[in-house]
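S.K.: Structure here, sequence nowhere to be found:
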């Protein structure tokens, strides 16, 4: 549900088959990278303060 919650797709797209598991996996991978980068940037900024 992360792609839906984060606004990358609509829930209806999951229900009607517009997106398949590969699409969802790709979006989840991208969200993982974004979350990791955000966390690392926050930690780097915090360590410099």
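M.R.: Noted; the coordinates are in hand. Owing to the predicted nature of the structure, the values given are computational and were not obtained by experimental measurement. Residues are numbered from 1 along each chain as shown.
S.K.: Poorly predicted segments of the protein, please.
M.R.: Within the chain, not a single segment meets pLDDT under 70.
S.K.: which residues does the residue nearest the centre of the chain contact?
M.R.: The residue lying closest to the centre of the chain (CA atoms, centre = their mean) is residue 31, at 2.2 Å. By CB atoms under 8 Å, 6 or more residues apart in numbering, the contact list for residue 31 reads 2-3, 6, 8. Using the backbone N, CA and C atoms, a C-beta is placed for each residue, glycine as well.
S.K.: make it 6 Å
M.R.: Each residue near residue 31 by CB atoms under 6 Å, 6 or more residues apart in numbering is listed here: residue 2.
S.K.: same check, this time on residue 9
M.R.: Contacts for residue 9 (CB under 6 Å, 6+ apart) come out as 3, 19.
S.K.: now it, what's its secondary structure?
M.R.: Secondary structure, DSSP: H, G, I helix; E, B strand; the rest coil: residue 9 is coil.
S.K.: ok, the residue nearest to the centre of the chain to residue 47 distance?
M.R.: The spacing between residue 31 and residue 47, counted by CB to CB, to the nearest Å, is 25 Å.
S.K.: which SSE is residue 47 in?
M.R.: helix 21-48 (DSSP states H and E).
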